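Student: only the shape, not the letters, is given here:
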């Protein structure tokens, strides 16, 4: 068998790409590679669960990782693609499409991913799910941005971020007037998720003055329920935008296992 045929066989066989950089992350094997020129990584469990399920951290990989670590121990893979500073815009979603195709194709992972959106990562998880509802098992969001008018726009109660708002307008290709009338923010585009019966879990602090609860998760909650969608909201009393996640990630892990593990 010729060498190039051997390499192709190994890659077609699953998780190992011929150009992967291999290292360790919290005791688990980590593989770094590129898709469409973007830095990507995949952390492998010691033993993959049936169906090779995975959770896709859309932003801030490695921050408050207790949920990811617990899922790795349950046989999930943890994935990440660097699409920073694209704020869930169509350009980011195009790249995410390629990443999903790569992981669910050559890498052999499940066709349906569990999405995990921390902070601005909510724009990525909810927007990508609206575009690809058939490829999403469930979504766990943590203090998520669900409307760019709230953050970074700062058009409500939140602090906002002028620099990030300027970048949002640029990557979305919108004037400020167009952005204020934009109809595809997650809070306005939940119908595809509800139709696909994608369950949502949001973990938030009720004192968040960066991504205010009422302008983001509470709005998603009320609208998603009106559409017949399933959403669970865990509110942390007196907590601001940080810290993310839960000290005991059991409710997060149970949610993902219930909806994304192979039945």
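Tutor: Happy to help now that I have it. Only a predicted model underlies this, so the values are computations on that prediction, with no experimental measurement involved.

Student: how far does stretch 23-36 sit from the chain's center?
Tutor: 18 Å (Cα atoms, centre = their mean, to the nearest Å).

Student: could I get the buried residue list for it?
Tutor: Judged by neighbour count (16 or more other Cβ atoms under 10 Å), stretch 23-36 contains these buried residues: 25, 28-33, 35. Using the backbone N, CA and C atoms, a C-beta is placed for each residue, glycine as well.

Student: same check, this time on stretch 129-145
Tutor: Quick answer for stretch 129-145 (16+ other Cβ under 10 Å): 129-133, 135-145.

Student: again with stretch 81-92
Tutor: For stretch 81-92, by 16+ other Cβ under 10 Å, it's 81-83, 86-89, 92.

Student: could you list the residues in contact with it?
Tutor: 35, 38-40, 58-59, 95-96, 99, 120, 122-124, 126-128, 148, 152, 164, 167-168, 171-172, 186 (Cβ atoms under 8 Å, 6 or more residues apart in numbering).

Student: show me which of these are buried.
Tutor: 35, 38, 40, 58-59, 95-96, 99, 120, 122-124, 126-128, 148, 152, 164, 167-168, 171-172, 186.

Student: helices along the stretch 51-200 of the chain, start to end?
Tutor: 66-73, 90-104, 121-131, 162-172, 176-180, 191-195 (DSSP state H, counting those that start in this stretch).

Student: check contacts around residue 164.
Tutor: Contacts of residue 164 (Cβ under 8 Å, 6+ apart): 87, 151-152.

Student: including pLDDT, could the residues you listed go into CSV?
Tutor: Output for the contacts of residue 164, formatted as CSV (pLDDT from 0 to 100):
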residue, pLDDT
87, 97
151, 97
152, 98
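
Student: so which of those residues is the closest to residue 238?
Tutor: residue 151 (20.2 Å; Cβ to Cβ).

Student: against residue 119, how distant is residue 243?
Tutor: Going from residue 243 to residue 119 by Cβ to Cβ, to the nearest Å gives 12 Å.

Student: specify which residue of the two has the higher count of neighbours.
Tutor: Per other Cβ atoms under 10 Å, whichever of residue 243 and residue 119 has more neighbours is residue 119, with 22 against 14.

Student: the residue nearest to that one when sequence neighbours are not counted and residue 126, how far apart?
Tutor: Sequence neighbours aside, residue 143 is the residue nearest to residue 119 in space, at 5.6 Å (criterion: Cβ to Cβ, 6 or more residues apart in numbering). Look at residue 143 and residue 126: by Cβ to Cβ, they are 13 Å apart.

Student: cool, residue 45 as well?
Tutor: Taken as Cβ to Cβ, the span from residue 45 to residue 126 is 26 Å.

Student: what's the answer for residue 164, then?
Tutor: Taking Cβ to Cβ, one finds residue 164 at 18 Å from residue 126.

Student: one more: residue 251?
Tutor: Counting by Cβ to Cβ, the gap from residue 251 to residue 126 is 20 Å.

Student: what does residue 153 give?
Tutor: For residue 153 relative to residue 126 (Cβ to Cβ), the value is 16 Å.

Student: do residue 148 as well
Tutor: 11 Å.

Student: just residue 220 next, same as before
Tutor: From residue 220 to residue 126 the distance is 8 Å (Cβ to Cβ).

Student: what touches both of those two?
Tutor: Common neighbours of residue 220 and residue 126 (Cβ under 8 Å, 6+ apart) are 146, 186, 190.

Student: so which of those comes closest to residue 209?
Tutor: Using Cβ to Cβ, those come closest to residue 209 at residue 146, 15.8 Å.

Student: which residues sit in contact with the closest one?
Tutor: Applying Cβ under 8 Å, 6+ apart, the residues contacting residue 146 are 122-123, 126, 185-187, 215-217, 219-220.
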